[in-house]
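Enquirer: Take this sequence and fold it.
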Amino acid sequence: MEYHPRAIEIKRLLKDLEKIISKLFKEDPTVSTLEAMISQAKLLIINSRDDDILCGKKPNIERSSPIEVVTVVGENVKLVCEATSTLEVEYVWIKNGQALESTNNTILELKNVTPESEGAYKCQVSSRR
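Expert: Here you go, the predicted model:
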């Protein structure tokens, strides 16, 4: 995305905005000059907005496990969560409201489940920048 034509254009617009702001502090502009500079700065800010390029699109979950999974003690369970985004996707698996460590995968595998394995699991996805 960094070399996308729109990203390059946004970088150029932001450099122009930086020049305007720098002039505001270096010069002693008249009120009319100041108004013109602010108007120009606003236009640059509006033209540089592009959430898809700057932040990526919100990830879209393409595939996930059923809402309820029932198993027997000692069995293995695989929970699946697959998402797509314009940027790299980061996964966090959560059990009973607490993030599970080292779970940045599309699959959460619970091996040899025990009564302590019981809980509400969910997958949280976000775009990594």
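
Enquirer: low-scoring pLDDT stretches of this protein, where are they?
Expert: 1-3, 50-57, 128-129 (pLDDT under 70).

Enquirer: what about the helices in it?
Expert: 5-26, 31-47, 51-54 (DSSP state H).

Enquirer: between those, which gets nearest to E109?
Expert: helix 51-54 (33.6 Å; CB to CB). (Glycine included, C-beta is placed from N, CA and C.)

Enquirer: tell me the contacts of L14?
Expert: L14 sits next to L44, S48 when contact means CB atoms under 8 Å, 6 or more residues apart in numbering.

Enquirer: For I21, see how far away it is.
Expert: Distance, L14 to I21, using CB to CB, to the nearest Å: 10 Å.

Enquirer: just S48 next, same as before
Expert: For S48, the distance to I21 - CB to CB - is 13 Å.

Enquirer: can you name the farthest residue from the center of the protein?
Expert: Of all residues in the chain, T30 sits farthest from the chain's C-alpha centroid, using CA atoms, centre = their mean; the distance is 42.0 Å.

Enquirer: what's near enough to touch L44?
Expert: L13, L14, D16, L17, I20.

Enquirer: filter the residues you listed to the buried ones?
Expert: Among the contacts of L44, those classed as buried by 16 or more other CB atoms under 10 Å are L13, D16, L17.

Enquirer: Show me which positions of stretch 70-81 end up buried.
Expert: In terms of neighbour count (16+ other CB under 10 Å), stretch 70-81 has its buried residues at V77, L79, C81.

Enquirer: just the CA coordinates of it, formatted as PDB?
Expert: Coordinates of each C-alpha in stretch 70-81 appear next as PDB, following Å, rounded to 0.1, in the frame of the first residue of the first chain:
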ATOM      1  CA  VAL A  70     -20.200 -29.200  22.100                       C
ATOM      2  CA  THR A  71     -17.500 -31.800  22.900                       C
ATOM      3  CA  VAL A  72     -16.600 -34.600  25.300                       C
ATOM      4  CA  VAL A  73     -13.700 -34.400  27.800                       C
ATOM      5  CA  GLY A  74     -10.500 -35.700  26.200                       C
ATOM      6  CA  GLU A  75     -11.400 -34.800  22.600                       C
ATOM      7  CA  ASN A  76      -9.700 -32.200  20.500                       C
ATOM      8  CA  VAL A  77     -11.600 -29.200  19.100                       C
ATOM      9  CA  LYS A  78     -10.600 -26.800  16.300                       C
ATOM     10  CA  LEU A  79     -12.200 -23.400  16.200                       C
ATOM     11  CA  VAL A  80     -11.800 -21.600  12.900                       C
ATOM     12  CA  CYS A  81     -11.800 -17.900  12.000                       C
END
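
Enquirer: Having no further points to raise, I will conclude here.
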